[in-house]
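K.L.:
quick one: sequence plus predicted model below, questions after.
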Amino acid sequence: MSQSPIELKGSSFTLSVVHLHSATPEVIQQALQEKVSQAPAFFNNAPVVINVAHLKGEANWRALQQAVSAVGLHVVGISGCQHEQQKRSILRAGLVLINEGRAQNIVTATASQPDNHPAKTRIINTPVRSGQQIYARNGDLIITSSVSAGAELIADGNVHIYGSMRGRVLAGASGDTQCQIFCTQLSAELISIAGQYWLSEQIPANFVGKAVRLNLRDNALTIQSLN
C-alpha cells in the first residue's frame, strides 16, 4: 500500500487570548499596540484567540480582526460567544469559533481525544533545546537538566525544573489553579499557571537566577524563594 500524503494527529498549542471589553476597532488596536510594545519578541507574529464574552450586541468582526492583525498578531479563532446570532455573524465574517476551556489568558487547545489513563509524572533527563516542546498530559512534568531559551514546557499538573530554566513554562495548562512551578535557577521567558502569566521582565529581579516556587494566590501569580 502506498503511504497516505497526510497524517492527522492530535497536538497541543499554547495560545494567547485577547479578552475584548470594547467593540471599537481603533480602541482595540491602540490597546494591543501598547501591550505588544512591552514584549515585542514574545508577541511577534503570535497566534491569538479573541474572547468576546464581555461584548454586548453586534460588532464589525472583520474590522476587529484587522485591528488585531495590524499590530502583528494572527487571529486563529473567536471564543466566548453568548448567543447563536453572534455565532452566525462571526462565521459569516469567515472566522472560526473556538472553545478555550477554563484558562483565562493562555490556553492549551488540543485536537486529541480525552485521555482516560491515570495521571502519570513525565520525567525528562536530557537538556530541553530551543524549539522543543515537552507536554505532560494529565500529570506533572519533571526536568532534571537545563531548559534553553526558545524551549517550552507544558503540564496539566505541576512543573519541576532541576536546572537552568530559560524558556517558557506553563503549569496547570488544563486550568487547575492549585498547580505550582518549582525551579532551581529561574531565568524564564514566560511563566504561566492556569492561564495567569508573567513575561521575563515581570519576574521580580531579586528572584532571577534563583531557586524559586511559584503558585497562584487570589488568582494572581506569587513567587517565593526555595533557599
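P.N.:
Looks like it arrived, so ask away. All values reported here derive from a predicted model rather than from experimental measurement.

K.L.:
in stretch 58-74, what counts as buried?
P.N.:
59, 61, 64, 65, 67, 68, 71, 73 (16 or more other C-beta atoms under 10 Å). From N, CA and C alone the C-beta is placed, and that goes for glycine too.

K.L.:
measure it end to end?
P.N.:
For stretch 58-74, the first-to-last residue distance is 22 Å (C-alpha to C-alpha, to the nearest Å).

K.L.:
for the protein, which helix or strand comes out least confident on mean pLDDT?
P.N.:
Lowest on mean pLDDT, DSSP states H and E among the helices and strands of the chain sits strand 106-110, with a mean of 38.

K.L.:
next SSE downstream of that one?
P.N.:
Once strand 106-110 ends, the next helix or strand along the chain (criterion: DSSP states H and E) is strand 122-124.

K.L.:
elements contacting that next one?
P.N.:
strand 133-136, strand 141-143 (3 or more C-beta pairs under 8 Å, 6 or more residues apart in numbering; DSSP states H and E).

K.L.:
ranking those strands by burial, who's on top?
P.N.:
strand 141-143 (a mean of 23; mean count of other C-beta atoms under 10 Å).

K.L.:
just the residues contacting whichever helix or strand comes after it, thanks.
P.N.:
Next helix or strand after strand 141-143 toward the C-terminus (DSSP H and E): strand 152-155. By C-beta atoms under 8 Å, 6 or more residues apart in numbering, the list of residues contacting strand 152-155 from outside reads 12, 14, 108, 122, 128, 132-136, 139-141, 143, 147, 159, 161, 167-173, 179.

K.L.:
quick one: low-confidence parts of the chain?
P.N.:
Scanning the chain for pLDDT under 70 picks out 1-2, 8-15, 38-42, 100-119.

K.L.:
tell me the domain boundaries of it?
P.N.:
12-110, 122-225 (automatic domain parsing).

K.L.:
ok, and for stretch 170-179, which residues are buried?
P.N.:
Those would be 170, 171, 172, 173, 174, 175, 176, 179, for stretch 170-179 by 16+ other C-beta under 10 Å.

K.L.:
before we move on, what about stretch 204-223?
P.N.:
Neighbour-count burial for stretch 204-223, counted by 16+ other C-beta under 10 Å, picks out 210, 212, 214, 215, 216, 221, 223.

K.L.:
can you give me the end-to-end span of stretch 183-202?
P.N.:
Using C-alpha to C-alpha, the end-to-end distance of stretch 183-202 comes to 17 Å.

K.L.:
shouldn't residue 30 be within a helix?
P.N.:
Yes. Counting by DSSP: H, G, I helix; E, B strand; the rest coil, residue 30 is located in a helix.

K.L.:
how about the contacts made by it?
P.N.:
If a contact means C-beta under 8 Å, 6+ apart, then residue 30 has no contacts.

K.L.:
any figure for the gap between it and residue 141?
P.N.:
Taking C-beta to C-beta, to the nearest Å as the measure, residue 30 falls 38 Å from residue 141.

K.L.:
now swap in residue 190 and tell me
P.N.:
For residue 190 relative to residue 141 (C-beta to C-beta), the value is 15 Å.

K.L.:
let's have the helices and strands packed on strand 122-124 in CSV, adding distance to residue 80.
P.N.:
As requested, these are exported to CSV (distance: least, C-beta to C-beta, whole Å):
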stretch, distance to residue 80
strand 133-136, 25
strand 141-143, 29
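
K.L.:
cool, thanks, signing off.
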